[in-house]
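Colleague: I'll drop the sequence and a predicted model, then ask my questions.
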Amino acid sequence: MPPRPRFDRRAPVRELPNINDRISYPKLRVVDADGTQLGVINREEALEVAKDRELDLVLVSEKADPPVCRIMDYGKFKFEQEKKAKEAKKKSHQTEVKEVKMRYKIDQHDYDVRIGHAVRFLKAGDKVKCTVIFRGREIQHTALAETLLKRMANDLEEQAEVQQAPKREGRNMIMFLTPRKTPLIKKDKDEVQQTRAVRTIKAPPRPTAAKLATKVKSIDS
């Protein structure tokens with residue numbers, strides 16, 4: 001019977017960068033920190049130049065003939081590379097589906113909390129699954145659940161678009177919202193008033209003071 005494999009407690013081997021004394025090539029093409037070509041020189045001379053400048057000798061192209069090294073501040077270079085990687089990771093945000101659950105008999109405070117959660121998810125670029133849960137005989141009130149979901153879609157119309165209208169699935173009713181790509185344009189009050197029916201029949205002109213005075217005289221006479 002083969003022996004049982006033991007758990008390897010050794011730390012994983014980290015790949016160390018090829019800098020300074022770790023560079024083993026005898027001849028190197030060296031580029032100075034300001035981009036100046038120092039030409040092909042031996043390893044010891046390149047290390048001496050980097051030491052005089054209080055910088056590092058970094059191998060940048062191992063496959064070249066001879067290999068190419070650059071004199072630089074490796075700590076600063078590594079920091080900038082990690083910073084670029086973090087920024088690239090932030091930009092490549094993967095859309096997730098976040099869920100907001102509630103009952104159709106939810107009170108106003110809890111409803112406002114759900115709205116706040118949905119707004120936060122939408123601003124982060126995620127989709128929102130709005131779920132109304134039925135328990136027991138509550139399944140008979142699907143119309144109230146649909147009304148609640150439509151109310152939520154209306155309250156979130158500035159941040160979201162309805163991807164899937166309210167739909168019953170089992171003992172739940174769900175609706176999917178996706179972040180709004182184009183800003184919502186609301187009509188101004190002036191535009192709304194212009195779209196209302198306009199009265200086309202003119203009202204009869206009101207009699208002036210002079211006409212009223214003439215009419216009174218004719219009656220007195």
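Modeller: Arrived safely.
Colleague: tell me what the longest strand along the chain is packed against?
Modeller: Using DSSP state E, we find that the single longest strand of the chain is strand 160-169. Taking 3 or more C-beta pairs under 8 Å, 6 or more residues apart in numbering; DSSP states H and E as contact, the helices and strands that strand 160-169 lies on are helix 142-155, strand 172-179. In short, each C-beta sits where N, CA and C put it, glycine included.
Colleague: Of the ones you listed, give the one that comes closest to residue 108.
Modeller: Each of the helices and strands packed on strand 160-169 has some distance to residue 108 by C-beta to C-beta; the shortest is helix 142-155, at 11.4 Å.
Colleague: neighbouring contacts of the top helix by length along the chain?
Modeller: Taking DSSP state H as the criterion, the chain has its longest helix at helix 74-91. Applying C-beta atoms under 8 Å, 6 or more residues apart in numbering, the contact partners of helix 74-91 are 17, 19, 55, 56, 58.
Colleague: as a whole number, average confidence for it?
Modeller: For helix 74-91, mean pLDDT rounds to 84.
Colleague: Would you mark the buried spots in it?
Modeller: The neighbour-count check on helix 74-91 (16 or more other C-beta atoms under 10 Å) flags residue 74 as buried.
Colleague: one step back: now do the longest strand of the chain and helix 142-155, the angle between them.
Modeller: Orientation note: strand 160-169 sits at an angle of 170 degrees relative to helix 142-155 (axes from the mean of the first three to the mean of the last three C-alpha atoms, to 10 degrees).
Colleague: neighbouring strands for strand 160-169, and are they parallel or not?
Modeller: Strand 160-169 sits in its sheet next to strand 172-179 (antiparallel), going by DSSP bridges.
Colleague: Save the helices and strands packed on strand 160-169 as CSV, and put in distance to residue 36 too.
Modeller: Below are those laid out as CSV (distance: least, C-beta to C-beta, whole Å):
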stretch, distance to residue 36
helix 142-155, 63
strand 172-179, 50
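Colleague: Any chance of a markdown table for the ones you listed, columns mean neighbour count and distance to residue 78?
Modeller: What follows is those, written out as a markdown table (neighbours: other C-beta atoms under 10 Å; distance: least, C-beta to C-beta, whole Å):
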| stretch | mean neighbour count | distance to residue 78 |
| --- | --- | --- |
| helix 142-155 | 17 | 48 |
| strand 172-179 | 20 | 35 |
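Colleague: What values do phi and psi take at the closest residue to residue 61 other than its chain neighbours?
Modeller: Closest residue to residue 61 apart from its sequence neighbours, by C-beta to C-beta, 6 or more residues apart in numbering: residue 68 at 4.0 Å. Main-chain dihedrals, residue 68, degrees, to the nearest 10: phi -100, psi 130.
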